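A.B. asks: Predicted structure and sequence below. I'll ask about it afterward.
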Amino acid sequence: MKEVRIDFGKLNEVADTNNLKYSSGNPFPHIYLDNLFDDELLDDIVSEFPNANDIDWIKFNEATSKKLASKDELQFGLYTRTFIHILNSKPFLTFLEKLTSIENLIPDPTLEGGGLHQILPGGLLKVHADFNIHHRTNLDRRLNVIVYLNKDWKEEYGGFFELWNENMSEAVVRLLPLFNRMAIFSTTSTSYHGHPDPLTCPDDRSRKSLALYYYTNGRPQNEIINGLETHSTLYKNRGTLKEIENHSLSSTMRKVARKFVPPILLDIKRKLFI
């Protein structure tokens with residue numbers, strides 16, 4: 001294996017230069033950065049990226065999500081694992097903290113919800129806000145980082161990554177998932193984003209990405225919405241305030257449900273709404 005190097009001096013310069021741009025991002029704090037990593041490293045990751053039938057993918061095939069995902073490092077190639085470990089390292093956390101002004105970030109080595117993502121032709125991920133509390137650590141999810149791995153990606157293939165305003169009237173940002181493009185954005189209960197239109201790339205291609213999420217112990221009070229203190233994915237209809245899926249329950253409601261509702265009914269509820 002070739003030595004994997006990341007120029008953290010360059011990254012810290014980028015963070016210092018783009019801190020204001022990140023914090024003033026519309027519709028919520030975000031940024032995308034192109035060609036930040038060595039192309040040869042990402043080429044190696046692409047070369048070992050598993051095809052649809054190569055590994056035991058987590059398969060989503062619902063109205064809101066049609067994609068493949070894997071958080072199992074044992075199924076990843078060596079370059080992929082190394083890159084993920086770097087993105088979870090203290091020097092990369094320092095870069096993210098400088099860029100976003102979010103202090104004391106904590107990585108997630110379990111890759112809950114993250115890891116490798118692949119969307120095949122016809123796949124999509126409806127607009128949503130992400131789960132906000134890690135179910136194992138109880139930490140607050142504060143930051144999403146997505147690295148795209150799609151060479152020679154054409155606009156007619158679709159697959160735009162969209163950021164929507166809070167009243168769901170407009171996609172303020174639409175990004176093509178281009179090779180060596182990294183999208184970073186703050187994770188709140190109203191940071192609505194997704195890839196909502198079915199992918200139209202050729203049958204021999206797919207939309208590949210690598211995602212990592214970062215946490216803190218608590219979050220600013222102004223980011224907490226009454227009734228949404230703890231929630232899983234919140235899907236939204238475009239152009240309307242109506243939610244099409246909301247798995248959320250406040251922490252109090254969850255405790256009450258678990259205490260008084262028979263397990264078989266909770267299981268039926270989960271099956272009906274996943």
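C.D. replies: Noted; the coordinates are in hand. Numbering: from 1, shown residues only.

A.B. asks: lowest-confidence helix or strand of this structure?
C.D. replies: strand 243-246 (a mean of 41; mean pLDDT, DSSP states H and E).

A.B. asks: Would you map the helices across this protein?
C.D. replies: Secondary structure of the chain (DSSP state H): helices located at 8-23, 39-47, 78-87, 90-100, 251-260, 263-273.

A.B. asks: Flag every buried residue along the shortest one.
C.D. replies: Applying a neighbour-count criterion of 16 or more other C-beta atoms under 10 Å, one finds 41-42, 44-46 buried in helix 39-47. The C-beta positions use only the backbone N, C-alpha and C, and glycine is treated the same way.

A.B. asks: ok, now the longest one?
C.D. replies: Of all the residues in helix 8-23, those buried under the rule 16+ other C-beta under 10 Å are 11, 14-15, 18, 22.

A.B. asks: try stretch 185-198
C.D. replies: Applying a neighbour-count criterion of 16+ other C-beta under 10 Å, one finds 185-196 buried in stretch 185-198.

A.B. asks: Let me have these in TSV, extended by distance to G114.
C.D. replies: TSV is the format used below for these (distance: C-beta to C-beta, whole Å):
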residue	distance to G114
F185	14
S186	16
T187	12
T188	17
S189	19
T190	21
S191	16
Y192	19
H193	14
G194	16
H195	16
P196	20
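
A.B. asks: Mind putting those into a markdown table with pLDDT and distance to V173?
C.D. replies: Shown next, in a markdown table, are those (pLDDT from 0 to 100; distance: C-beta to C-beta, whole Å):
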| residue | pLDDT | distance to V173 |
| --- | --- | --- |
| F185 | 98 | 9 |
| S186 | 98 | 13 |
| T187 | 98 | 15 |
| T188 | 98 | 16 |
| S189 | 97 | 19 |
| T190 | 97 | 15 |
| S191 | 98 | 12 |
| Y192 | 98 | 11 |
| H193 | 98 | 9 |
| G194 | 97 | 12 |
| H195 | 97 | 12 |
| P196 | 96 | 13 |
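
A.B. asks: of the residues you listed, closest to T80?
C.D. replies: H195 (21.2 Å; C-beta to C-beta).

A.B. asks: What count of nearby residues applies to R207?
C.D. replies: Using other C-beta atoms under 10 Å, R207 has 25 neighbouring residues.

A.B. asks: For it, report the pLDDT, please.
C.D. replies: Looking at R207, its pLDDT stands at 98.

A.B. asks: beta partners for it?
C.D. replies: Beta-bridge partners for R207, by DSSP bridges, are I119.

A.B. asks: What segments of this structure are strands?
C.D. replies: Applying DSSP state E to the chain gives strands spanning 30-34, 58-61, 65-70, 115-119, 124-129, 140-148, 161-164, 171-175, 181-186, 193-195, 207-216, 234-236, 243-246.

A.B. asks: and of those strands, who's closest to D7?
C.D. replies: strand 30-34 (13.0 Å).

A.B. asks: Which neighbouring elements make contact with that closest one?
C.D. replies: helix 8-23, strand 181-186 (3 or more C-beta pairs under 8 Å, 6 or more residues apart in numbering; DSSP states H and E).
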